[in-house]
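Q: Build me a model from this:
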Amino acid sequence: MMRCKTRWVLVCLMILAAVPAYGQRGTFGIDVGQISDKFGALPSVSGLVVGIDGEITILKANKKEGGASIVAGGEIRLPSDTGNHAKEFAIFGGPAFQYHNLTIEVHAQIRKIYLPTANVDNQFFVRSKMELLEIPVVLRYKFGPEKRAFIEAEGAPEFSPRWRSAGSLSPLPNPNFDHGYFVRGGVGYVFGKWYAKATYETRYFKFNANQFNPNNLYNWRTNGIIGGVGFSF
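A: Numbering: from 1, shown residues only. Predicted coordinates:
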């Protein structure tokens, strides 16, 4: 089942990168970087992550009349060590507003996170999978000669996740959500149809300390420094 879902997201990203009809514009990028994950009181663990992301303008706004364009896209995050780091898959869509060199996008985003198994005193506990509804705001500003340089900022509060069983002999119970958020910031430069970008991101989840969150094993903070290349079409 997981392979089918992974292939489905990959197909969506490939379609986004391969359909330039009707004057549509988009981006497709590949990123590599280092992430650090910490769950509860367990030690922080660092590892390599590879990401794929794509975005396309489905409906472009009329420059004379103004209004918003409609964009859609997706993202995949695959760590080298799934025993300590989470896999992530996301799809999104929403309006994009253009004000001179500033673009403001509001995404309605569905994200699925496969949390790694906890190892405490040589006993393994499988965390449930998280399904999230996120509504991040994305700011993108172009500047410099020919407006080739750009900076980006993205962030949103997290809402209560929907839990899915990971199928385990020793499953952890589903915890009660307290609060969470994620923030990204990046800089980049465009070289014709190609671009390079560096990004820092952080995500945090806190759950109530009770019998549903033993040893705070669901409390999670992840940080990443990621760089990549992509192309526009």
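Q: Return the residue of this structure that is most distant from the centre.
A: In the chain, counting by C-alpha atoms, centre = their mean, Lys64 sits farthest out from the average C-alpha position, at 33.3 Å.
Q: Can you report phi and psi for that residue?
A: The phi/psi pair for Lys64 (degrees, to the nearest 10) reads phi -70, psi -40.
Q: Over to the one 4 residues further on?
A: Torsion angles at Ala68 (phi, psi; degrees, to the nearest 10) stand at phi -110, psi 140.
Q: mind listing what it touches?
A: Contact partners of Ala68, counting by C-beta atoms under 8 Å, 6 or more residues apart in numbering, are 61, 95-97. To be clear about C-beta, it is placed using only N, CA and C from the backbone, and glycine gets the same treatment.
Q: Could you tell me how many residues sit around Arg77?
A: 23 (other C-beta atoms under 10 Å).
Q: any low-confidence regions in this protein?
A: Along the chain, segments meeting pLDDT under 70 span 1-24, 167-171.
Q: where's the residue farthest from the centre of the chain relative to Pro173, distance?
A: 57 Å (C-beta to C-beta, to the nearest Å).
Q: Which pair of the contacts of Ala68 spans the longest distance?
A: Ala61 and Pro95 (9.0 Å; C-beta to C-beta).
Q: Overlap of the contact sets of these two?
A: Common neighbours of Ala61 and Pro95 (C-beta under 8 Å, 6+ apart) are 68-69.
Q: Ala118 against Ser128, yeah?
A: No. Using C-beta atoms under 8 Å, Ala118 is not in contact with Ser128; the gap is 11.6 Å.
Q: Just the C-alpha atoms of the host helix or strand of Ala96, please, in PDB.
A: Of the helices and strands defined by DSSP states H and E, Ala96 is found in strand 87-99. Coordinates of each C-alpha in strand 87-99 appear next as PDB, following Å, rounded to 0.1, in the frame of the first residue of the first chain:
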ATOM      1  CA  LYS A  87       9.300  10.200   5.300                       C
ATOM      2  CA  GLU A  88       7.000  13.000   4.100                       C
ATOM      3  CA  PHE A  89       4.600  13.300   1.200                       C
ATOM      4  CA  ALA A  90       2.500  16.400   0.400                       C
ATOM      5  CA  ILE A  91       0.300  17.800  -2.200                       C
ATOM      6  CA  PHE A  92      -1.100  21.400  -2.300                       C
ATOM      7  CA  GLY A  93      -3.100  23.900  -4.200                       C
ATOM      8  CA  GLY A  94      -4.200  27.500  -3.800                       C
ATOM      9  CA  PRO A  95      -4.200  31.100  -4.900                       C
ATOM     10  CA  ALA A  96      -1.100  33.200  -5.800                       C
ATOM     11  CA  PHE A  97      -1.100  37.000  -5.800                       C
ATOM     12  CA  GLN A  98       1.500  39.000  -7.600                       C
ATOM     13  CA  TYR A  99       2.500  42.500  -6.400                       C
END
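Q: mind checking how far it is from the chain centre?
A: Its chain's C-alpha centre and that of strand 87-99 lie 10 Å apart, by C-alpha atoms, centre = their mean, to the nearest Å.
Q: Partner strands of the very next helix or strand once past that strand, with direction?
A: Going down the chain from strand 87-99, the next helix or strand is strand 102-106, by DSSP H and E. If you go by DSSP bridges, strand 102-106 pairs up with strand 87-99 (antiparallel), strand 137-143 (antiparallel).
Q: Relative to Arg221, how far out is Lys38?
A: 5 Å.
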